[in-house]
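A.B. asks: Sequence first, predicted coordinates after that:
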Amino acid sequence: MSTELYNDGPVVHQPTFIDGHSVEIPELRILQQDGTTYPNADLPDIDQTLAIKIYHTFAFHRVFDERMVASQRQGRLSFYMTALGEEAASVGGAAGLQPQDMIMMQYREQGALMFRGFSLKNFMNQLFSNADDLGKGRQMPIHYGSKELNCMTVSSTLATQIPQATGYAYGQKLQGLDAVTICYFGEGAASEGDFHAGLNMAAVQEVPVIFFCRNNGYAISTPADEQFRGNGIASRGVGYGIKTIRIDGNDILAVLKATQIARAYAVKEHKPVLIEAMSYRLGAHSTSDDPSGYRTKEEEAKWQANDPILRMKNWLVKQNWWDEAQETALFEKLREEILAAVKVAEVIDKPHIDTMITDVYDVPSAQLQAQLDEVKAHINKYPEAYPFTAGKF
Amino acid sequence: MAQLNLLHAINSALDIAMAENERTVCFGEDVGHFGGVFRATSGLQEKYGKARCFNTPLVEQGIIGFANGLAAQGSVAIAEIQFADYIFPAFDQIVNEAAKFRYRTGNEFNVGKLTIRTPYGGGIAGGLYHSQSPEAYFAHTPGLKVVIPRNPYQAKGLLLASIRDDNPVIFFEPKRLYRASVGEVPEEDYQLPLGKAEVVQTGTDITLLAWGAQMEIIEKAAQMASNDGISCEVIDLRTILPWDIETISRSVMKTGRLLISQEAPLTAGFASEIAATIQNECFLHLESPIARVCGLDTPYPLALEKEYVSDHLKVYEAIKKTVNF
């Protein structure tokens, strides 16, 4: 029975090796940088409303990243990660799904949350680890998540979300829901064992999950050619028996098209899909990183010319759906809103001391309660050493 | 009441859990049609279908990663790791993911519906990699519950409680007792409390504490000691994390002496944690140092297994030494 899975080639009588690069993978491109679409290109389902929503998300994303890096440089924020140059992958992926679909992010997919409607206030509260953060100030900045929006909270542990997405999607299938799970990760994370585990199990268990690889060329400083030797990440999908597509990750229409088709296939067939989106991390890995130590300005400039947001703007202008006056007004408005939100979030109190022991278990154990009581007694003895919590319990 | 062995008791608990909720799913290596290498999941696929009881590929980190996602989605995930010795590829998915899921998301998400079942322990000529007792690694991880039953009755009641508990639970099954331990087990549904130790024999001279398969060892040693006129209070810890400090403290305040026995190696085993806490809670009541009778600080041997294990004779000697301190 198992041998039926093999697509056997001819029997040969001389040793016949298959070259490690023999799988040729096409790359889907729909939109050109000047805003025109390729002749005969299959366009995704997109109308003016969706197009404008995507572009608003893009604009918000760009301004948000820019303002947050500035806030970090000013010392107001401890840490931040931009998704500069890769916004189409996260925003386009979310735009190709339905609200009931689960999004599992790696950490550079704030665009998906933005598209889903995670509020500016929620972003800020998380970044400033304050009392109103949905995550209760427990994780470093950029670890957002929202049950209401079906966006799984980000964790720093790389690639662990991949087999989890397989399990999550299995549950969706078991319930017979019209829902899929999308799982984002980078080409570096695809070296982790969890990548293999998650894809193989998804193929075997036949689950409606979309694996979305952002191949942005770098894992912090390590370039892709020091990460793997196969034909990108897409070639591995073939090995696992998973329907696979490679796309231009800076092409919003290609991302949208591929995700829409992948979703329809996953829901109908209850099978996984792998999308490899080719892109480039134009920014630093994080605010703690400086790419000038490992790549050239020339290389960056080449990719700056492929800006996915500018590419979409060019298309919108050609559709007569957007103009410069709207552009200027939108960016100006966003800058003001974001700056104002920083000022609000940064002065909100830290989380209450009691939240230190909640959510370890569903109910704090007696031991945890005793440990907290000890800490409180200690704070009361040395209040000046613990200014955020002293006198507040 | 039926006489069941420990495996049948586990199977009965799984059957009840799957019957009561169609979102309960059992999976792991060979657990499907074959029913698991020990047959704990025997008959479940036939009864509940392949979608709810199935084989997974041979990838422990994948099994627990999958289980975490499934539990986060709201399904009841019961994952089997074939031997506790092979749980370590899944260590990250257990200690960094399952244990921290609720905390790191601010309770936006949780994997409370996750239960990991795995056979542990030695005494079966299993050598290094079919004998380990790794409970202490997991006891060092806030967010997990760690449960170990000592007999069929305990196994069924504690497993049902673990499955229904709203926290991720690792349920270690004493595989030496799978078929060796037979006892009366109600056919109906019942639960035993997590986080509660059980005093299985009252006594006045010394408290003996263990869990899982080690319980029958200390009970045997207690019998030998009683022939010498030493009255032992015997306690089964049952839940390793979070553990029942109160019951142990109360007993030690009464007896003034404590002996803890575990299968795992001595250094940094869970017995050490208990000893540290109890000397703090009961310092002025103690009449002798707290004794630990454990495996040696070596990998688990094969040919010299008998010499290695903390058997009833070693426990008996330690009882006399502690009482006569």
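C.D. replies: Alright, I've got the coordinates.

A.B. asks: Just the endpoints, please. Distance across stretch A:386-393?
C.D. replies: One end of stretch A:386-393 to the other measures 12 Å (C-alpha to C-alpha, to the nearest Å).

A.B. asks: chain center to that stretch: distance?
C.D. replies: 36 Å (C-alpha atoms, centre = their mean, to the nearest Å).

A.B. asks: residue ranges of the helices in the stretch 1-150 of chain B, please?
C.D. replies: With DSSP state H, counting those that start in this stretch as the criterion, the stretch 1-150 of chain B has helices at B:6-20, B:44-48, B:60-73, B:91-92, B:101-104, B:135-139.

A.B. asks: Chain A: which of the ones you listed is closest?
C.D. replies: helix B:60-73 (2.7 Å; C-beta to the nearest C-beta). For glycine as for every other residue, the C-beta is placed from the backbone atoms N, C-alpha and C.

A.B. asks: Who are the packing partners of the closest one?
C.D. replies: On a contact count with 3 or more C-beta pairs under 8 Å, 6 or more residues apart in numbering or on different chains; DSSP states H and E, helix B:60-73 meets helix A:161-174, helix A:193-205, strand B:24-28, strand B:76-80, strand B:114-120.

A.B. asks: rewinding a little: of all the helices of the stretch 1-150 of chain B, which one is nearest residue A:392?
C.D. replies: helix B:101-104 (21.0 Å; C-beta to C-beta).

A.B. asks: Residue B:235 reaches residue B:202, doesn't it?
C.D. replies: No. Using C-beta atoms under 8 Å as the test, residue B:235 is too far from residue B:202 to be in contact (9.8 Å).

A.B. asks: For the two, indicate the residue with more neighbours.
C.D. replies: residue B:235 (27 against 13; other C-beta atoms under 10 Å in any protein chain shown).

A.B. asks: how about the more buried one, phi and psi?
C.D. replies: Note on residue B:235: its backbone torsions stand at phi -130, psi 140 [degrees, to the nearest 10].

A.B. asks: What of the one 5 residues further on?
C.D. replies: Geometry field for residue B:240 lists phi and psi as phi -80, psi -40, criterion degrees, to the nearest 10.

A.B. asks: same deal with residue B:199?
C.D. replies: The phi/psi pair for residue B:199 (degrees, to the nearest 10) reads phi -80, psi 110.

A.B. asks: That one: what's it in contact with?
C.D. replies: When contacts are counted by C-beta atoms under 8 Å, 6 or more residues apart in numbering or on different chains, residue B:199 touches B:233, B:234, B:235, B:247, B:251.

A.B. asks: Skipping its backbone neighbours, what lies nearest the residue positioned nearest the centre of chain B in space?
C.D. replies: The C-alpha lying nearest the average C-alpha coordinate of chain B belongs to residue B:148 (C-alpha atoms, centre = their mean; 1.8 Å). Spatially, and ignoring its direct neighbours in sequence, residue B:148 is nearest to residue B:212 (4.0 Å; C-beta to C-beta, 6 or more residues apart in numbering or on different chains).

A.B. asks: With residue A:260 instead?
C.D. replies: residue A:96 (4.6 Å).

A.B. asks: how close does that neighbour sit to residue A:171?
C.D. replies: 21 Å (C-beta to C-beta, to the nearest Å).

A.B. asks: what residues go with each domain of the chain?
C.D. replies: Looking at chain A here, since you left the chain open. Using automatic domain parsing, the domain parsing of chain A gives A:23-36+A:44-345, A:353-385.

A.B. asks: nope, chain B please
C.D. replies: In the recorded assignment (automatic domain parsing), chain B comprises B:2-185, B:198-323.

A.B. asks: For residue A:31, find the nearest of those.
C.D. replies: domain B:2-185 (33.6 Å).

A.B. asks: Would you agree residue A:150 is in contact with residue A:98?
C.D. replies: No. The pair residue A:150 / residue A:98 is not scored as a contact, 9.4 Å apart, by C-beta under 8 Å.

A.B. asks: Which one's more surrounded, these two?
C.D. replies: Using other C-beta under 10 Å as the criterion, residue A:150 and residue A:98 rank with residue A:150 on top: 18 against 11.

A.B. asks: Please list all residues in contact with the residue nearest to the more buried one when sequence neighbours are not counted.
C.D. replies: Nearest non-adjacent residue to residue A:150, counting by C-beta to C-beta, 6+ apart: residue A:102, 5.0 Å away. Residues counted as contacts of residue A:102 (C-beta under 8 Å, 6+ apart) are A:150, A:151, A:152, A:165, A:168, A:169, A:172, A:179, A:180, A:181, A:182, B:73.

A.B. asks: Next, count neighbours for the last one.
C.D. replies: Yep, that's residue B:73 we're talking about. 26.

A.B. asks: Skipping adjacent residues, who's closest to residue A:220 in space?
C.D. replies: Closest residue to residue A:220 apart from its sequence neighbours, by C-beta to C-beta, 6+ apart: residue A:285 at 4.5 Å.

A.B. asks: What residues does the one you found make contact with?
C.D. replies: A:81, A:218, A:220, A:221, A:291.

A.B. asks: Out of the contacts of residue B:199, grab the one that's most surrounded.
C.D. replies: residue B:235 (27 neighbours).

A.B. asks: And the pLDDT for the closest residue to that residue other than its chain neighbours?
C.D. replies: Leaving aside its sequence neighbours, residue B:235 sits nearest to residue B:209 (C-beta to C-beta, 6+ apart; 4.9 Å). Listed pLDDT for residue B:209 reads 98.
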